[in-house]
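S.K.: Just a sequence and a predicted model for now, questions to come.
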Amino acid sequence: MLKEFKNFILTGNVIDFAVAVILAGAVGLVVNGFVNDIIMPVVGHFAGGMDFASLKVVLSEAVADAEGNVTTPENAVRWGAWVNTIINLIIVGFVLFMIVKAYNKSKKPAEEPAPAGPSEVDLLTEIRDSLKK
């Protein structure tokens with residue numbers, strides 16, 4: 001069983017999958033940085049200077065004691081962060097679409113089989129018919 005597991009792990013598909021997962025994590029970080037540091041400030045600028053990441057609906061305010069320490073944290077729906085996540089998803093989806101499209105374009109089209117000519121039976125039948133005439 002250990003030998004079978006070793007063969008499974010060392011096959012190209014598992015290694016390729018592991019590399020793809022690691023690269024996807026790195027691409028996710030790059031896209032997240034791109035959205036949060038480049039796209040959202042531009043969107044916020046045109047939306048009147050809003051920072052979408054800080055937009056939220058507060059359900060209950062934070063409770064602090066006399067010394068100013070927070071005893072109960074704020075409870076809020078952070079819908080601005082969710083908007084950032086949706087924009088991340090759209091950008092990642094578009095990038096993956098472009099990668100798959102380029103990959104499909106780079107693959108060689110399958111060669112079409114040569115057109116089938118008449119079979120031997122058809123040729124022999126034709127020769128027989130022409131000899132009869």
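M.R.: Perfect, I can see it now.
S.K.: helices or strands next to the lengthiest helix in the chain in the packing?
M.R.: Using DSSP state H to define each element, the chain has its longest helix at helix 79-106. With contacts defined as 3 or more C-beta pairs under 8 Å, 6 or more residues apart in numbering; DSSP states H and E, helix 79-106 has these neighbours: helix 12-34. (Glycine included, C-beta is placed from N, CA and C.)
S.K.: circling back: counting neighbours, which bits of the longest helix of the chain end up buried?
M.R.: Of the residues in helix 79-106, 80, 83-84, 87-88, 92 count as buried by neighbour count, 16 or more other C-beta atoms under 10 Å.
S.K.: quick check, nearest of those residues to residue 6?
M.R.: Taking C-beta to C-beta as the measure, residue 6 sits nearest to residue 92 out of these, at 34.3 Å.
S.K.: so the closest one sits right up against residue 25, yeah?
M.R.: No. If you go by C-beta atoms under 8 Å, residue 92 and residue 25 don't touch, sitting 11.8 Å apart.
S.K.: For this structure, give me the ranges with low pLDDT.
M.R.: By pLDDT under 70, the weakly predicted segments of the chain are 12, 110, 112-115.
S.K.: I would like the residues contacting stretch 44-57, please.
M.R.: When contacts are defined by C-beta atoms under 8 Å, 6 or more residues apart in numbering, stretch 44-57 is touched by residues 36, 40, 43, 76-81, 83-84.
S.K.: which two from those residues end up farthest apart in space?
M.R.: Maximum pairwise distance among the contacts of stretch 44-57 (C-beta to C-beta): 21.0 Å, between 43 and 76.
S.K.: got a list of contacts for the strand or helix carrying residue 129?
M.R.: For residue 129, the host element (DSSP states H and E) is helix 120-132. Residues outside helix 120-132 that contact it (C-beta under 8 Å, 6+ apart): residue 118.
S.K.: and if you look at stretch 88-107?
M.R.: Taking C-beta under 8 Å, 6+ apart as the rule, stretch 88-107 contacts 27-28, 31-32, 34-35, 39.
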